[in-house]
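Enquirer: Sequence first, predicted model second:
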Amino acid sequence: MAELKLPEWAMREENYKPSGDRDFFISRSLLRLMGVLLHIRRQAKNVMNYKGLAAGRLLFVFIVVLLTVGTRMGAFLLLVLTGELVLLCFMPGSTILRILRNALLAMLFSALVLLPALFLGSAPAIVLIPLKTFLTVMCLSILNESLPWHVLTASLRVFHVPQIFIQILDITLKYIVLLGEISLEMLYALKLRSVGRNPMKKQAFSGVLGVTFLKSREMSEEMYRAMICRCFTGDYPVFSGKRWQVQDALLLVSASVLVLVYSYIEGAFL
Amino acid sequence: MHIPDNYLSPSTCAVMGAVMLPVWYIAVKKVKEEVPKDKLSLLGIGAAFSFLSMMFNVPLPGGTTGHAVGGTLLAILFGPYAACLAVTVALFIQALFFGDGGILAFGANCFNMAFVLPFTGWLVYSLLKKYLSSVKGEYIAAAFGSYVGINAAAFCAAVEFGIQPLLFTDGVGQALYCPYPLVISIPAMMVGHITLFGLAEVVFTTAVLAYLKKTSPELLQTQRAKESISLYGLLAALIVCTPAGLLAAGTAWGEWEPEELAEQNFVGHALGYTPSGMENGFSFGALFPDYSVAGLPDAFGYILSAVIGTALLILIFKVVSSFFSDKIDYEKSVHGV
């Protein structure tokens, strides 16, 4: 029986230990991208809570924010806070935590910015303005958690927002997801394919950004052509088909009550 | 029954707080083990019930007022350990935001209303339930449990008040903190609780229990339970009715402001002095003192306070429950034990 002879290099014992490389920045970018994608996907699933007209909610939030910013009385802010806390009660715990964290961070930031006011003698401002920030951010976060973005952008049409603006918003949101996925795949590839110390990694990283940009141009051109082929004329007609529901009437009543209380507290009727 | 600050000496408060620490530790451990995640968020609604029941002041002839606590109801619904935590959080929110019950006396208040009350009530309820197995029997057990529970709590509060003048007096023999000895504090506290306030607790416990049994019977089972519209409906109805608590104009026994205290005549004549421990004691400015909101009418402020307190309790328990992972007992799900 002939003996199988392996070449000498194949018989040599391998003892390759790749030297550690610093690719923390890639992991960071991966996590960041995944976080954004996750957020957008979760946001798009908010349909469950979606009853009534989105435009009504948007208008309501606009009124609440306007009144909150306009008031000088703590009592009115307290009323808004109460309403927002009640709305929060109907949300799941993790969502509540997310909303409160965002609102508290915003409040902290505005309190920090306003800190010099304390020494300049406008002490009430340092309480009122951070509280207003807290309330407005919480209000927007609640809207954000209760309606998917595509419904929100669509409802902007009711307020006669220019169509090009809605188009840009809409396409941006979709492209963040598509391009995010592409760059995520490239980052994975970069992480998996470089073994050992790779001094070119940082260059490759900027390559990822370049490729993503090129890809986005290509895709947007393709999409625009596809839209033209499908008879897109730049018009965004409203195809909601939804009618007024109980929720909208409820919002209308709450908005009127809020405006009345605002006028009462601010002394307009006194 | 909410003992304000400076009625008990700081050392009494420290002792009561120290007694509560192991209770809270064991309660948290037990609740983590026994209460499923979805039921934990319901506990917030339970705590809100307790919070609201404490806002309904019942007047007693003679000028004092009192209220139900709802601790036994929570113990029947969620178990005594969960009830202990729920009432503790409700008391904390009352002390911190509404100035009801002292910050220093928090441990003592928790001992009375979050420990003695639910545990005694639950013990009596479960003992009686063994002998009274019918549906009616359960209500009777709940009624007795809640009655004994609130009276036991009131008795403890009376003893805490009553030992102050025995332990802490100044050089002239004047009390430093609560001036009434046991012979005055025990009858004064117990008269109200044996009669009207005990009755209020019994009515509150059995009525809510009967309502919940009818509208969301799954709440009474140990398995998972979901929040239902009827629960929120009951909470909303209670909130709207809270201004009824304002009709009782007097102050509860042992909850007077220091200036008010000098005029009380429980020793046969007006006390005539303000105990020095109270005059120079610890004071804490709550955000909404006595459930009122500056710049708003009383009733409206009271409702607003009720809504804020309720919402805060539900939010706290919901957020905490989101931290707990849902444990699945495979043994149980396979064998159905």
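Expert: On my side now, so go ahead.
Enquirer: buried sites along stretch B:46-63?
Expert: B:46-60 (16 or more other CB atoms under 10 Å in any protein chain shown). All C-beta atoms are positioned from the backbone trio N, CA, C, and that covers glycine.
Enquirer: what's the answer for stretch A:206-214, then?
Expert: Buried residues in stretch A:206-214, counted by 16+ other CB under 10 Å: residue A:208.
Enquirer: where in the stretch 51-200 of chain B is pLDDT low?
Expert: B:61-63 (pLDDT under 70).
Enquirer: Residue A:179 contacts residue A:214, correct?
Expert: No. In this structure residue A:179 lies outside contact range of residue A:214 using CB atoms under 8 Å: 10.8 Å.
Enquirer: Out of the buried residues of stretch B:46-63, which sit inside strands?
Expert: B:58, B:59, B:60 (DSSP state E).
Enquirer: Turn the residues you listed into TSV, including distance to residue B:317.
Expert: Rendered in TSV, the data for those read as follows (distance: CB to CB, whole Å):
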residue	distance to residue B:317
B:58	27
B:59	32
B:60	33
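Enquirer: Tell me the one of those residues nearest chain A?
Expert: residue B:58 (26.1 Å; CB to the nearest CB).
Enquirer: wait, doesn't that closest one sit right on residue B:65?
Expert: Yes. Assessed by CB under 8 Å, residue B:58 is found in contact with residue B:65 at 6.3 Å.
Enquirer: who's in contact with the residue in the stretch 1-150 of chain A positioned nearest to chain B?
Expert: Chain B sits closest to residue A:93 of the stretch 1-150 of chain A, with a gap of 2.8 Å, by CB to the nearest CB. Contacts here follow CB atoms under 8 Å, 6 or more residues apart in numbering or on different chains; on that basis residue A:93 touches B:41, B:318, B:319, B:320, B:321, B:322, B:323.
Enquirer: now residue B:138
Expert: With CB under 8 Å, 6+ apart, residue B:138 has these contacts: B:129, B:132.
Enquirer: so how far is chain A from it?
Expert: Distance of residue B:138 to chain A, computed by CB to the nearest CB, to the nearest Å: 30 Å.
Enquirer: That residue and residue B:30, how far apart?
Expert: Distance of residue B:138 to residue B:30, given as CB to CB, to the nearest Å: 23 Å.
Enquirer: same deal with residue A:128?
Expert: Going from residue A:128 to residue B:30 by CB to CB gives 44 Å.
Enquirer: And for residue A:266?
Expert: Residue A:266 sits 50 Å away from residue B:30, going by CB to CB.
Enquirer: before we move on, what about residue A:99?
Expert: Distance, residue A:99 to residue B:30, by CB to CB: 30 Å.
Enquirer: higher neighbour count, those two?
Expert: residue A:99 (22 against 16; other CB atoms under 10 Å in any protein chain shown).
Enquirer: Any idea how many residues pack against the residue of chain B found nearest chain A?
Expert: Chain A sits closest to residue B:322 of chain B, with a gap of 2.8 Å, by CB to the nearest CB. Using other CB under 10 Å, the number of residues around residue B:322 comes to 18.
Enquirer: residue contacts, it?
Expert: Residue B:322 touches A:92, A:93, A:94, A:96, A:97, counting by CB under 8 Å, 6+ apart.
Enquirer: Look at it and give its secondary structure.
Expert: helix (DSSP: H, G, I helix; E, B strand; the rest coil).
Enquirer: Next one: it, what pLDDT does it get?
Expert: pLDDT for residue B:322: 82.
Enquirer: Are we agreed that residue B:7 is in a strand?
Expert: No. Counting by three-state DSSP, residue B:7 is not part of a strand but coil.
Enquirer: Pretty sure it sits against residue B:177.
Expert: Yes. Under the criterion of CB under 8 Å, residue B:7 makes contact with residue B:177 at 5.9 Å.
Enquirer: Overlap of the contact sets of the two?
Expert: Applying CB under 8 Å, 6+ apart, one finds that residue B:7 and residue B:177 are jointly contacted by B:164, B:278.
Enquirer: Tell me where the stretch 1-150 of chain B has strands.
Expert: Assigned by DSSP state E, counting those that start in this stretch, the stretch 1-150 of chain B shows strands spanning B:58-60, B:64-66.
Enquirer: Could you pull up the residues touching residue B:152?
Expert: B:116, B:117, B:120, B:121.
Enquirer: Residue B:34 is in contact with residue B:81, isn't it?
Expert: Yes. At 7.5 Å, residue B:34 and residue B:81 qualify as touching, with contact defined as CB under 8 Å.
Enquirer: neighbour-wise, which of those two wins?
Expert: With neighbours defined as other CB under 10 Å, residue B:34 and residue B:81 compare such that residue B:81 has more, 24 against 13.
Enquirer: For chain B, what is the nearest residue in the stretch 151-270 of chain A?
Expert: For the stretch 151-270 of chain A, CB to the nearest CB, closest residue to chain B: residue A:265, 6.7 Å.
Enquirer: contact partners of the one helix or strand that residue maps to?
Expert: For residue A:265, the element it lies in under DSSP states H and E is helix A:246-266. With contacts defined as CB under 8 Å, 6+ apart, helix A:246-266 is touched by A:51-53, A:56-57, A:59-60, A:63-64, A:67, A:70-73, A:75-76, A:79-80, A:83, A:269-270, B:295-296.
Enquirer: In that helix, which residues are buried?
Expert: Residues of helix A:246-266 classed as buried: A:248, A:251, A:255, A:258, A:261, A:262, A:265, A:266 (neighbour count, 16+ other CB under 10 Å).
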